[in-house]
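In: Structure, please.
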Amino acid sequence: MKKLPSSRFKLADYKRNEFRVSPEHGTTLEDIQKPEFWSHVAAHLASFDTIEVIPEDGSFYAELLVITAGKQFATVKLLRHVDLEGKAAKKDAPEAQIHPDYKIEWGGVAVKHRVVRSDGEVMAEGIQKKADAEAWLQDFLTKQAA
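Out: Here you go, the predicted structure:
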């Protein structure tokens with residue numbers, strides 16, 4: 001029976017790196033799995049490093065394992081994906097609109113999601129999740145109708 005020699009027993013922190021990245025709004029799960037996505041940081045990566053991915057809009061969480069890394073590319077394997085918006089986003093499907101006079105948009109890291117009236121008036125902002133902004137708008141419209 002084979003036995004593991006102590007020289008092959010190391011703390012994970014000693015043998016690999018763990019990274020956390022926050023890509024810009026609109027980055028998809030498909031984007032982060034493309035080798036060229038990592039071209040600007042590939043030199044910092046090595047095989048079997050792990051990467052946590054949480055886009056700035058908080059739409060999903062993913063864990064990746066680096067398989068290979070070159071000077072301007074990295075091949076990664078998706079280990080885990082969690083949709084944090086509560087629904088699978090589809091690029092091709094038109095987004096459901098709650099009301100024609102209002103839209104929900106991403107305003108950036110500081111502003112987060114916001115509800116904007118058709119005349120440009122910002123009705124609410126600083127909402128972390130898109131689903132929460134949709135709920136705010138539904139509640140607002142219900143109160144207006146009453």
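In: distance of the residue nearest to the spatial centre of the chain from residue 143?
Out: The residue lying closest to the centre of the chain (C-alpha atoms, centre = their mean) is residue 55, at 3.0 Å. Residue 55 sits 32 Å away from residue 143, going by C-beta to C-beta, to the nearest Å. Bear in mind the C-beta positions are built from the backbone N, C-alpha and C, glycine included.
In: before we move on, what about residue 20?
Out: In terms of C-beta to C-beta, residue 20 sits 40 Å off from residue 143.
In: ok, which stretches of the protein are strands?
Out: Taking DSSP state E as the test, the strands found in the chain are 18-21, 50-53, 60-69, 74-83, 102-106, 113-117, 122-127.
In: Could you tell me the angle between the third one and strand 74-83?
Out: Right, strand 60-69. Counting by axes from the mean of the first three to the mean of the last three C-alpha atoms, to 10 degrees, strand 60-69 lies at 160 degrees to strand 74-83.
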